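Q: Sequence first, then the predicted structure:
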Amino acid sequence: MDTLNLLLDGFASAFTLQNLMYASIGVLLGTFVGVLPGIGPAMALALLLPVTYGLDVTQALIMFAGIYYGGMYGGSTTSILLNTPGESASVMTAIEGNKMAKKGRAAQALATAAIGSFIAGTIGTLLVAFFTPTLATWAVEIGAPSYFAIMLLSMVLVSSVLGASKLRGFIALAMGLTIGLVGLDLSTAQARLTGGYLGLADGVDIVVVAVGVFAIGEALWTAAHLRRKPIDVIPVGRPFMGREDWRRSWGPWLRGTALGFPFGALPAGGAETPTFLSYITERKLAARRGGADEFGEGAIEGVAGPEAANNASAAGMFVPLLALGLPVTATASILLAAMTKYGVVPGPTLMTDQPDLIWTLLASLLIGNALLLVINLPLAPLWAKLLQIPRPQLYAGILFFACLGAYSVGRNSFDLLLLLLFGGLGFAIRRFGIPVLPLILGVILGPLMELKMREALDLSNGEVSGLFNEPLAIFVYVLIVLAIVVPVLIARFRPSAVPDPHNVEVS
Amino acid sequence: MNDQKTLESPTIDRAQFGLAAVLAVVGIYTIVDARGLNVGFGDPIGPRVFPYIIGTAMIVLAVLLAIATARGDVPQAEEGEDVDLTTPPDWLTVGKLVAILVLNLLFVNVVGWAITGALLFAGCAWALGSRTLFRDLVVGVVLSVASWYFFYSGLGVPLDPGILDGIL
């Protein structure tokens, strides 16, 4: 078992007392930041990136893994204890989770979410470890034309499948690609879109973009619409589950994992679809058993399934990230950006260039996942208290740490100006309902995409056919056309029962 | 059909026309900027093509957005835990926050993060409606001094000490 040995090697380099400490700090910090309302896992990672600057690659990755899972868990805690989920992936968890909490079963809801996340995360990470090497050896063979096509597919899917409005998805993508253009051209070193300003020659740091759009944008947006009446936070004791809860939870955990992982691994990204599907599945199964009455009033299956699906899809996203160097979620984009800071080059050779690093990361993910359960179950009452931080201080704190993060990147005030500008952009996209993910993907994938396009066209001496001269590339282009055409055809031939206001711009 | 649509939903989000205009300007600027680039001898593609594509796409999207807006398309503004979309936006608070952020970026290299960071925290809390100014200042000082030391000794990243050079 080659994979197993490599994974054990990964454990060997991850399993030192010092590294375990970094993993624990990561889990604690990640959960702390993730629990705070308004902060999702992607923003938690972006805000906490500076904390890892002084560390070496391995330690930094271990801490990222902890922060990542901590942030995810923190998000589900928030959505169970407050009835307003912070991110799209927790919407389904919030439906039943909050009902359970209101009926005094918050402890069980948190427990099934935590244990389900642990099981899904562990199975998911193991699947990543077994799939990725095979995919990676195959991925090295992928030529520039096909790689270009795959990136295009990922962008089209993320922009058009997710979110309510395709038009706004593509606007977000174009914004991101434009931001990605800023800086010196990679092969001729000529400045593009810098306005002649030298400070922009290196391009815009993705940390500044992410922190600006996520944190500053969110804080300003919330400030403009701050809910003046206090929200009810449901107090919670130490999470635990009775025998009956276990019996009802294990099925949804496994089904959720099975649904979540493939969706996470597809270039469409996101946990919205699998969490939704998991919820629907559990509801139907409960109806068949004659227990549907409880759905809508706090059924534990409705928390266990979607939470597992959420975490399994979060693990699945590592397959394209590690095998192809292709991020498909905002979180993956920030992880990739963090890795590039340590000299890791994104792309299909990631796995072959840095095998030790990748195996350490996978081992760290498993460790982080286990630590999450050990550390966070007893700490849940404490995390619940965090939700009661007065809002002015909470958002002042977010702004403080966002500025600190951006300032520490280069220690100059120009980064703070950029941060503020991207904060303004973040505000605008929230106002106009433009999704964040395509924007972030555009920033990080744009330069890579241009590189591959020019590589392919250089070989063909500028002939456009250079983009189509591989069978795989043609296959991917067919997929892209299908992804665009099929939904339009379905909408045309089957008039939907619910009039969808967003079809206006498609037709 | 077009007319009917506008009759049915007379609410047109005029701000979206502004967004479309900004997008179009950005697209045009991207193309104009790319025209100034040199394509090297023997380089079949050069640095111009990609910006041309993106700039063109941006202009097309801007036009589509303007058309959709005219047809009565309204955005779904983002919701969140602490967001109450039923009230009109509170521009005064946003303005105060932006002003504080601008002051911070102007003075951070002069007086140092330990001072501006503390004022940033207390100022933002005040702008957002906190009335415990003294407590906020204490919390801000603790946060900014602690973060300065954390970066200095914990991470080996010395932030600018500013006028507190030698004291910290």
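A: That came through, no problem.

Q: ok, the spatially most central residue of chain A - contacts?
A: Among the residues of chain A, the one closest to the centroid is A:T331, at 3.3 Å (C-alpha atoms, centre = their mean). Applying C-beta atoms under 8 Å, 6 or more residues apart in numbering or on different chains to A:T331 gives the contacts A:41-42, A:45, A:68, A:314, A:317. Using the backbone N, CA and C atoms, a C-beta is placed for each residue, glycine as well.

Q: so it sits in a helix?
A: Yes - per DSSP: H, G, I helix; E, B strand; the rest coil, A:T331 lies within a helix segment.

Q: before we move on, the earlier item: quick one: which two of the contacts of A:T331 are the most distant?
A: A:L45 and A:M317 (12.7 Å; C-beta to C-beta).

Q: roughly how far apart are A:A219 and B:A114?
A: 22 Å (C-beta to C-beta, to the nearest Å).

Q: between these two, who's got more neighbours?
A: Legend: neighbour count by other C-beta atoms under 10 Å in any protein chain shown for A:A219 and B:A114, higher for A:A219 (26 against 23).

Q: My reading is that the more buried one lies in a helix. Confirm?
A: Yes - under three-state DSSP, A:A219 falls within a helix.

Q: dump the residue contacts of it.
A: A:38, A:395, A:398-399, A:402, A:423, B:97.

Q: which of those residues lies closest to A:R247?
A: A:G38 (35.9 Å).

Q: re earlier: among the contacts of A:T331, which one has the most neighbours?
A: A:Y68 (31 neighbours).

Q: List the buried residues in the host helix or strand of that residue.
A: Here A:Y68, judged by DSSP states H and E, is contained in helix A:57-81. Buried residues in helix A:57-81, counted by 16 or more other C-beta atoms under 10 Å in any protein chain shown: A:57-81.

Q: Other residues contacting the helix or strand harbouring B:V25?
A: Here B:V25 sits within helix B:15-35, counting by DSSP H and E. Residues outside helix B:15-35 that contact it (C-beta under 8 Å, 6+ apart) are A:171, A:174-175, A:178, A:181, A:192-193, A:428, A:431-432, B:47-48, B:51-52, B:54-59, B:61-63, B:65-66, B:69, B:73-75.

Q: Just the buried residues of those.
A: Judged by 16+ other C-beta under 10 Å, buried ones among the contacts of helix B:15-35: A:171, A:174-175, A:178, A:181, A:192-193, A:428, A:431-432, B:47-48, B:51, B:54-55, B:57-59, B:61-62, B:65-66, B:69, B:73-75.

Q: Just those residues: which are in strands?
A: Counting by DSSP state E, the buried ones among the contacts of helix B:15-35 place A:R192 in strands.

Q: can I assume A:S408 is in contact with B:Y152?
A: No - under the criterion of C-beta atoms under 8 Å, A:S408 is not in contact with B:Y152, lying 10.9 Å apart.

Q: So between those two, which is more surrounded?
A: More neighbours surround A:S408 than the other of A:S408 and B:Y152, with 20 against 14 (other C-beta under 10 Å).

Q: which ones are touching the residue nearest to the more buried one when sequence neighbours are not counted?
A: With sequence-adjacent residues excluded and distances taken as C-beta to C-beta, 6 or more residues apart in numbering or on different chains, A:S408 is closest to A:P50, at 4.5 Å. Going by C-beta under 8 Å, 6+ apart, A:P50 touches A:207, A:404-405, A:408-409, B:151, B:155, B:157.

Q: With A:F261 instead?
A: A:123-124, A:127, A:312-313, A:315-316.

Q: Now name the helix or strand holding it.
A: Secondary structure (DSSP H and E) places A:F261 in helix A:243-265.

Q: Send me stretch B:13-30 as CSV with only the CA atoms.
A: Extracted in CSV, the C-alpha atoms of stretch B:13-30 (Å, rounded to 0.1, in the frame of the first residue of the first chain):
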residue,chain,number,x,y,z
ASP,B,13,-32.8,49.8,-9.4
ARG,B,14,-31.1,53.0,-10.8
ALA,B,15,-27.9,52.4,-8.9
GLN,B,16,-27.4,49.4,-11.2
PHE,B,17,-27.0,51.7,-14.1
GLY,B,18,-24.2,53.3,-12.2
LEU,B,19,-22.6,50.0,-11.6
ALA,B,20,-22.9,49.1,-15.3
ALA,B,21,-21.3,52.4,-16.2
VAL,B,22,-18.4,51.8,-13.9
LEU,B,23,-17.9,48.3,-15.3
ALA,B,24,-17.9,49.7,-18.8
VAL,B,25,-15.3,52.3,-17.9
VAL,B,26,-13.1,49.6,-16.3
GLY,B,27,-13.5,47.5,-19.4
ILE,B,28,-12.6,50.4,-21.7
TYR,B,29,-9.6,51.4,-19.5
THR,B,30,-8.3,47.8,-19.6
